[in-house]
Structures are given as C-alpha cells and as structure tokens.
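Student: sequence plus predicted model, see below.
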Amino acid sequence: MFSFLTAACSSVAFFAANFPSYFSNQNIKRDIDFGSNNNVKLDIYTPAEASEGRPIIVFFYGGAWKTGSKNDYRFVADAFTELGYIVVIPDYIKYPKAKFPAWQEDAAKAIAWVHNNAKAYGGDAKKLFIVG
C-alpha cells in the first residue's frame, strides 16, 4: 500500500513540476532512436527561436538506475531552453531488466549520438554539457 501511495505522490509531484512547461514556447522532438540495443529513446527540446551553434545539455535523471522516465523531466528542459540551450533527455534501461553496465552503455550511446547529430538540431558539439 505504501509503495502505491509513494508512486501516486510522485506522479502528482511531476505533473505539478511539469505543468508550466506545457505553456512554454519550445520545440520538442520526441522518441528519437539513438542506437541503444535496449529499445530506449531520447527527446530533444530546442528554444523556439531558431539559431545555429547553441550549447547543448544532455540531462540524465536520477532514480538509482531503477525508476524514472524522460517524460517526467520536461520542467528541466523548459528551464534551460529559456536560457537558450538545447536540452536532450535520454531514457536508459532500468534494473532489473538489465544489469550494470547496460545503463552506462545507453548513456554513452546517447552522448555519442548527440555529439554526432548536434548540428542538425542547431547545436554546437563543442559546447556539449552533461548534467544529472
């Protein structure tokens, strides 16, 4: 029962945190395949005003490698796109479906994909930051 209540509270908290971002002026590309062998995807958030050479943040959410979703962290992307950053939020395989080092391999593939595709989304691969 306690885990159900905790999950419900967590869902409400993420909804509340993300609610303002539904009114923000950003572009979103969802569920992009970055080459993971684990059938996980990434989302790219770009500022509404198009320009070239923007810095890029790749954001890895927490959850002890067991919980979480890229969909829960739109509020993070919203905060950084307002400052002119491109934000990429990848998902990664979770435990117990996979074990170490599978989630690190997903993270490395996501970063490599972002580096190789930065220009196509208006980013500068030389201005790539990893946050989590």
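Tutor: That came through fine. Since the model is a prediction, treat every value here as computed from it, not as a measurement.
Student: rest of the way, CA atoms for contacts and neighbours
Tutor: Will do.
Student: so what's the residue count around the closest residue to residue 131 other than its chain neighbours?
Tutor: Spatially, and ignoring its direct neighbours in sequence, residue 131 is nearest to residue 59 (4.8 Å; Cα to Cα, 6 or more residues apart in numbering). Neighbour count of residue 59, defined by other Cα atoms under 10 Å: 21.
Student: cool, residue 32 as well?
Tutor: Residue 32 has 12 neighbouring residues, counting by other Cα under 10 Å.
Student: ditto for residue 50
Tutor: Neighbours of residue 50 (other Cα under 10 Å): 11.
Student: bridging residues for the most centrally placed residue in the chain?
Tutor: A centroid search over the chain (Cα atoms, centre = their mean) returns residue 89, at 1.0 Å, as the residue closest to the centre. For residue 89, the beta-bridge partners are residue 43 (DSSP bridges).
Student: right, and it touches residue 68 too?
Tutor: No: judged on Cα atoms under 8 Å, residue 89 makes no contact with residue 68 at a distance of 11.6 Å.
Student: and the residue nearest to the centre of the chain, how close does it get to residue 120?
Tutor: 17 Å (Cα to Cα, to the nearest Å).
Student: check which element follows the lowest-mean-pLDDT helix or strand in the chain along the chain.
Tutor: The weakest-scoring helix or strand in the chain, judged by mean pLDDT, DSSP states H and E, is helix 2-18 (a mean of 48). Reading on from helix 2-18 to the C-terminus, the next helix or strand found by DSSP states H and E is strand 26-33.
Student: in that next one, what counts as buried?
Tutor: Across strand 26-33, burial judged by 16 or more other Cα atoms under 10 Å covers 26, 28.
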